[in-house]
Structure formats: structure tokens, C-alpha cells
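**Q** here is my input; please provide its structure:
(2 chains)
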Amino acid sequence: MSNQTGQQEVDIVCAKCGIKLTMGKVNLTYLGSSFPVELYKCSQCGLVYIPEELANGKMKQVEASMEDK
Amino acid sequence: MDQMDQNLLRQREAKCIQEKPAGCTARCPVHVDVKGIIEAIDKKEVEKGFEIFRRAVPFPGILCRICDQPCRQECKRQEIDEAISVRALEMFCVNHKPGSYDIAPLPAKDKAVAIVGAGLSGLTAAFELGRKGYKVDVFEAGDCLGGLIWTRSEIELPRHVIHEDFSVFAKLPVEMHYHTRITELACLMDRFDAIYVATGFQENWDNGFHFTRNAEGTLQVDLLTLAVGQEKVFAGGGIRCRKGQQSPISSLADGKIAAISIDRLFQNASLSANRMNEGPFTTSLYTNTKGIKPQFMLEPIDTARGYSDAEAAREAERCLLCECLECVKVCEYLAHYRAYPKRYVREIYNNLSIVMGIHRANKMINSCNLCGLCEQVCPGNLNMGEICLEARRMMVDRGKMPPSTYEFALRDMQFSNSARCALYRNQPGFAASQYAFFPGCQLTASSPQLVKQTYAFLCDKLHGGVGLMLSCCGAPANWAGQREMFAEIMQTLKQEWEALGQPCMITVCPSCHHLFKQNLPNAPLESLWTIFEQTGLPEQAAVHAPKKLAVHDSCTARREIPMQDAVRSIVGKLGYEVEELPFHRENTVCCSYGGLMMHANRDVAEKVIRRRIGESEADYLTYCSMCRDNFASQGKRVYHLLDLIFAGAEDARAEQKGPGYSRRRENREQLKREFLQDIWGDVMEELKTEVKLIIPDNISCLMEERMILVDDVAKVIGYAENSGNKLRNMENDAFIAYYQIDSVTYWVEYLQENDAFIVKNAYSHRINILN
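**A** So this is what the prediction gives:
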């Protein structure tokens, strides 16, 4: 999975910390492999945002290809 | 590849005869690929057709005019009208041959061959050996090449054609010796490394060659190799025929056989190994000719010139291009992957052999509905379902089964078998049961009311106590290749059945019935439908005004003849007329639930449903609730047999779609609760969710499509609200939260309205977020 997730700028705030999400490094893992990606996250508590397009698009593709390995 | 070894692979592959040659090609002594030629004509690639013909026949101009066409004896078209005019189509190709074509011999070799006789057989051997680079000398008693072909009329065989075909020898290391009668072979033995005698048919043998005759008076020759028993001497063509049996194409074939033998001799290879199918043989290819309209052979208007383009196209169109594909024709799944079982079996085995790399056939293996129709229609009885199931089991054992394929279905099964839904009880007042009603997990999910009515009816009509068993039979685990999980379910069911006093189990769903028959061999088993034959139908089962219902047999009822009969009998008693679908009883098709096809490949599953529901305009009647719900999902009017018996077959029922995944779970859970309360007076505590949800219809549909349960959404919101771990989209004020349940992370966008949450969106992924 490319570490550039190509997200458009979003106006999303962490409801707990009250700060706007910014791009930051997040580690994703599946079936024993892990890979760092850039996602919107709360720089304080680490809560992440994965938009619908990413979950249903690129992430599904990566899941499928990793499942067939 | 340890468990499915190579021998087993070959055995299974061999059952699929799709790649066997067509009858015409098998019967042809030189195996001309007639189908290939005709396909080329169909595609207007006539030069390619010529190339195919020329590769098998060195003298195409001559043979397309005088071939005796044994191929036509095997033409499947004879079952309908008459054989294809193969020779005329070959002539069409020859008439359109390219201006020149390449016949370059291989580099010269140091072996020399003598050919005695320049008829078709001798010249074919000379051609083949010359091309391989051997030095060939042809000894001909007369003054021309071709032998008997000169007895043909000029009209039948124009002389320029002969000269043109034989002009190829100018390009080959072949020397012709005319007026050279060979009367004994000794004179050739020293100078040549091999000799092929092809002197043609002779009534009175001048046996200077010292050949032996067999009991029939013809030449004693080894049929595989054409060796005559003398070192390096071979003989064939008319010389080994009885009078009147000479055949141009057989003479030509002998020339080829002799050339192969001589080449093998020179290479010190076995003369006879692997030559079984060199001559004519009978093919095992099956081709169904049912439904093909008669259309008689077309004679060319210009007989000398042969077919015009239009005439050739029309005659070519008559060719059935023989192939089997019986299974592919009836199965959307097999058709979807654009090949046939022989290829699929190979792909599956290759897939299982991969240690490192991409398993490209996983989806194909998992998409089969395991229904067994392929075995029914296959001339070799190959069952792709058996192979796919075995492959799934191996994938599970090796940890290579893609988790996303079946996990949702297996979670649903586990829910049905959990304490929230499963129930095993004797009828009140009985310490043991004579019978146990097993409605199965899908009828309880789709039509819990019908389960209640049926149970009440059985308790009323049957003596000795009717126990109740609410759970799933384990079919999803079995289909998903999860042997251990399936064995555990069967073990639980066996224990519960024993605890109820080993009653006769009464099933509704044919899949439960099928699995119990295979896996609980000691449990007496009866289908509800055959029980109705004994008890009679309930009084409320009103006889309906005459109407036709098309009966869909479940694939797991394929071999259950008493069940099939009982269903038809009940339908008749209720006043309906039974319409048989084109595929019914032992040849029925799956509704797409089998093998968990819908979970592995929704596209193919929907194609399966659409094809099945398109078979008749009549309302359908099923006796499995999944079949009913699947057909209803695509807009087909369809009843479950219990709808007719207990619910009066209300018109609106036929159009009702089945409940969604979440509702199915609720129905199962509620049914247990109601049964416990109504029949046994027990109270089952309701698991009240603390989160009050408002889910608009469009979001509900989206969740269904994405296989996200209401319960999952409630858990995400519950977690977010309790922990405070949530985001807020400042553009629309919606909250966004995520939460991992088992191996899936669910995302929900929602708004809060008083004490309720309005769901705006839901999606999921399986990749984990590491914190």
C-alpha cells in the first residue's frame, strides 16, 4: 500500500481533544504485515480518520491482494 | 500438492473431455483439424485454414479433390441431417492459398533413405523425411509421380494441380529416379540407412522383397510402425491393402507413419512408444445435438471451381464445431470464468501448489455453489463442487483461506448456534421425544411465525412427543471448508439429539436434511414434506383456485426423490397445478445460496438467480426459505411451501422480500424467547441495547449491501459515546467513530437527536489501525 493515501483536505476535529486533525504517520497492519501510511489523525490522542472512499477503495484492494498471498 | 497428488489430478482432469478432438479429426488418418479449418473460414481467415490443412496434408491440392473423407462418417451433423462437406471446404481454402509458402528443410543430415514407389504414400514419406534434412531417393518404375492418382479424370483432378503440389520437391533434398523398377531390396541395403516400400496395391505379388503375408493374405506389418520384420525396412500404402480398399488419405497417412518410424530409427528412439493415437481412433468427445435445426449440405454451383465465398460460409456455418461444455452451458459459475473444468482443475491444483506468490484462483475456488449439477450433466461425471470443497478445506488447513470471504456467514452461523438462538427441548409433558422438529436457521430467520405454526401442528398430530431443536445445521461451516468447526457443530447436535432420547429428526430445509443424512447416520430422519403425507395437511390449508406454480427443487434435494414427490403431491392437494421448470428434480439448479456463493462472488450469484427466475413466468414455489428469499430478492414472485399450507398463500406474500441480516438475527432470537415463554413458560432475558438508533431506509440498504449489522453500528456508537473517542466533521456537524469488532473495523457517521442517534453512514475495513 502506498503511504500516500491522497486524501483531500478535511475539516474534522477530535471531539475529545478539541483539535483539528492533521496529516500524520499511522501504522496499519493486516495478516501479519504492517505498513506506515499518512492519514488524518489527532496529534494529541492519536485518533485516526479513514474516509469512506479510502476504506471501500484502496483498502479493500489491498486487503484482497494480501488475502491472496 | 501433498493431499491432492498428481495422479488424482490426472484422473480428475481426464473426466473432462472438452479438449478431446472432434470425431472427424480423430477418424482422419492424419488428424486434419477440420474444426480449426472451419473456424478460420468462419472468421474469414481462409489462408489460416489452408495453413492448418497443409500442415497435416503435404499435397493439399490433390487431397482436397480425391480424399475419401473417412472424417464424414463421424460427423455429428449426421444425427441431424448430413455430414459437413469437409473436402469442399478444404478445397475452398486451397483455392485461396497464399502465393507462396515456406517449406524450408532442416539442415542436411548424414542419413539416406530409399523410397520404393512414387505414389501418394511414398511421396508423403519422401516429403516428411526430406523436410527433416535426410537425403531421400525415390525409385519409381513408371515415368511420373503420383501413382494411381493419374487414373482420376482431368475434371476430378486437373493435371496442373498435380504438378503444382509435387513442385515442392524442388525445395527438398529429394531425388527422383524414374523408370527404375526395384525388384529386390538387397541392392539398396548397402547404400541406404532405411527403406520404405510403397509400391501400391498388387494383386499378384512379385515377392522379391521377401515380405511375409498374414492369414488374410495381406502384408504382415506392424501397424504402429509399419516395420515388416526386416532390419530398417518399412512398407505401407496400397501394398498392405486388400483389393478395393485403397484409400488416398490412408496411403498418405502410412507415408507419415513410415517417416516417423525412420526418423526414430535414426535417432535411436523407440519405434513404438506413445504412438497409440497416430492412426484413426474413436474420440471420447461428447457433443449434444439436441435442438439443432436441420440444414442440408450445400453443393457448389460451380462444381469444378468449388464453393464461392458465400457458399463456403454457409456450409461452414453448418459445422457444430464439436465440443462438450455440457456443464458450462448449465452453470453460470463455470461460464463466468470463460473456460471449462479441465482448465479449472489444473488452475486449482496450481493454486494449491503455490508456496510464495499470489493465489489467483482463490476467488474461483470459493465461488462455486457446490450444487453438483455439473456432475449430473457431465458425460464423465466430473463434480467441480467436490474439487472446490476439497480445495477450500486445504486452504483453511494451511491458513490460506481469505478471511473476508466467509467470515460474515460464519459469524451468522455462530450467532444461530449461540445461547441467544439455540434451543433443544422435549415437548412439555414428555421426558423424551419420539420426534424432534429441526426448522433450521434460515426459516426461523425468514418466517418465524411459520415455524411456530408448524411446531404446533406437529405436536398436535404426532404421538410420543415432538421435541424442538433450534440451531443451524452447520452447512456454512461445511461449505466454507471449516472441517473442525463443522465437526464441533455436528458433535453438539448429536449430543442434543441423544439428550432428547434419539428422536426422529424432522427437517424442513433440504440442506439440513442432506447434511444430517451424511453426518448423523444413526439419527432417524424425515422431511416435513413426507411427514405431511402421513399426517395430512392442516385444516386451514385452504384449497386454492386453480393456478400454476413452478416448483424449484433445492440443489441439496437433488437425490431426495420421496421429498420431491411429497412436495408435488402437497402442491396438488392444495389445488395448484405443478409446472416443471426446465431444470428440475435430479437436474435442478442452485438458488445461489449453496456453497456460500453469494458471500464469495455476488456478481455470479446474482447471475445465477436471474437465470433461474427467468425460466418461467409462473409464480415459483420453493421448499427452502433461502431459495425463496434469493428469488424474491431479484423481484420474482415466489412462495415457500409453508406459505401455502399455513398462510393461505396471500398474493402479497409472493412479492415480499426476505428480511435483512439484522432482522434475521432478531427473528431467531425472538423466536427462541417466544417459544420458551409460550410453550415452556420460561423467561429469557432480552439483551436491551442502550443505544437508540434511527436508521433511514437508504442507510439500511447500504448497511445490508455492506453486510454491516444494526448491532455493529450500535456497538460503535455505544463505544464512542462511552469513551468519548469520536471525531466531528465540522462541515456537517456529524460525529464519526470507529470500533473494531472481531477482525473488522466499523465506521459510523451519526448525529445525535435527543436520546437517539441518526445513522448517516456506515462502512468497514479489515486492515487494522495500530495505535
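**Q** can you name every helix or strand that the helix or strand containing residue B:256 contacts?
**A** Taking DSSP states H and E as the criterion, residue B:256 maps to helix B:248-266. Helix B:248-266 sits against helix B:60-66, helix B:120-131, strand B:194-197, strand B:233-235, with contacts defined as 3 or more CB pairs under 8 Å, 6 or more residues apart in numbering or on different chains; DSSP states H and E. For every residue, glycine as well, the C-beta is placed using N, CA and C.
**Q** and if we set it to 6 Å?
**A** helix B:120-131, strand B:194-197 (3 or more CB pairs under 6 Å, 6 or more residues apart in numbering or on different chains; DSSP states H and E).
**Q** relative to chain A, which of those is closest?
**A** Proximity of those to chain A was assessed by CB to the nearest CB; the nearest stretch is helix B:120-131, lying at 47.4 Å.
**Q** distance from the chain centre to the closest one, please.
**A** Centre-to-centre, helix B:120-131 and its host chain are 43 Å apart (CA atoms, centre = their mean, to the nearest Å).
**Q** with stretch B:148-162 instead?
**A** On the basis of CA atoms, centre = their mean, the separation between the geometric centre of stretch B:148-162 and that of its chain is 49 Å.
**Q** repeat for stretch B:75-85
**A** For stretch B:75-85, the distance from its own C-alpha centre to the chain's C-alpha centre is 26 Å (CA atoms, centre = their mean).
**Q** ok, now stretch B:739-746?
**A** Averaged over its C-alpha atoms, stretch B:739-746 has a centre that lies 38 Å from its chain's centre (CA atoms, centre = their mean).
**Q** now stretch B:633-648
**A** On the basis of CA atoms, centre = their mean, stretch B:633-648 sits 32 Å off its chain's mean C-alpha point.
**Q** just the buried residues of that stretch, please?
**A** By neighbour count, with 16 or more other CB atoms under 10 Å in any protein chain shown as the criterion, the buried positions of stretch B:633-648 are B:633, B:636-647.
**Q** same question, stretch B:14-30
**A** Applying a neighbour-count criterion of 16+ other CB under 10 Å, the buried positions in stretch B:14-30 are B:15-18, B:20-30.
**Q** quick one: the helix holding residue B:256 to helix B:120-131, angle?
**A** With axes from the mean of the first three to the mean of the last three CA atoms, to 10 degrees as the criterion, the two stretches helix B:248-266 and helix B:120-131 enclose an angle of 40 degrees.
**Q** dump helix B:248-266 to PDB, restricted to CA.
**A** Backbone C-alpha positions of helix B:248-266 (Å, rounded to 0.1, in the frame of the first residue of the first chain) are rendered in PDB as follows:
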ATOM      1  CA  PRO B 248      -5.700 -41.900 -50.700                       C
ATOM      2  CA  ILE B 249      -5.800 -40.400 -47.200                       C
ATOM      3  CA  SER B 250      -4.700 -43.800 -45.700                       C
ATOM      4  CA  SER B 251      -1.800 -44.100 -48.100                       C
ATOM      5  CA  LEU B 252      -0.800 -40.600 -47.200                       C
ATOM      6  CA  ALA B 253      -1.100 -41.500 -43.500                       C
ATOM      7  CA  ASP B 254       1.100 -44.500 -44.000                       C
ATOM      8  CA  GLY B 255       3.800 -42.300 -45.600                       C
ATOM      9  CA  LYS B 256       3.800 -40.100 -42.500                       C
ATOM     10  CA  ILE B 257       3.900 -43.100 -40.100                       C
ATOM     11  CA  ALA B 258       6.800 -44.600 -42.000                       C
ATOM     12  CA  ALA B 259       8.600 -41.200 -41.900                       C
ATOM     13  CA  ILE B 260       8.200 -41.000 -38.100                       C
ATOM     14  CA  SER B 261       9.500 -44.600 -37.700                       C
ATOM     15  CA  ILE B 262      12.500 -43.900 -39.900                       C
ATOM     16  CA  ASP B 263      13.300 -40.700 -38.100                       C
ATOM     17  CA  ARG B 264      13.000 -42.500 -34.700                       C
ATOM     18  CA  LEU B 265      15.200 -45.300 -36.100                       C
ATOM     19  CA  PHE B 266      17.900 -42.700 -37.000                       C
END
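**Q** and that helix, what's its mean pLDDT?
**A** Per-region confidence: helix B:248-266 scores 98 on mean pLDDT.
**Q** quick one: stretch B:586-605 near chain A?
**A** No. Stretch B:586-605 stays clear of chain A (CB under 6 Å from any CB of the partner chain), getting no nearer than 11.9 Å.
**Q** for that stretch, the distance to its chain's centre please.
**A** In terms of CA atoms, centre = their mean, the centre of stretch B:586-605 is found 14 Å from the chain centre.
**Q** okay, buried residues for it please.
**A** When burial is assessed from 16+ other CB under 10 Å, stretch B:586-605 yields the following buried residues: B:588-601, B:604-605.
**Q** same question for stretch A:46-60.
**A** Buried residues in stretch A:46-60 (16+ other CB under 10 Å): A:47, A:48, A:49, A:50, A:51, A:54, A:55, A:58, A:59, A:60.
**Q** now do the last one against residue B:248, distance only.
**A** Yep, that's residue A:60 we're talking about. With the distance defined as CB to CB, to the nearest Å, residue A:60 ends up 64 Å from residue B:248.
**Q** and the stretch 301-450 of chain B, which residues reach chain A?
**A** On the criterion CB under 6 Å from any CB, chain A has as its neighbours in the stretch 301-450 of chain B the residues B:358, B:359, B:362, B:402.
**Q** done for today, thanks.
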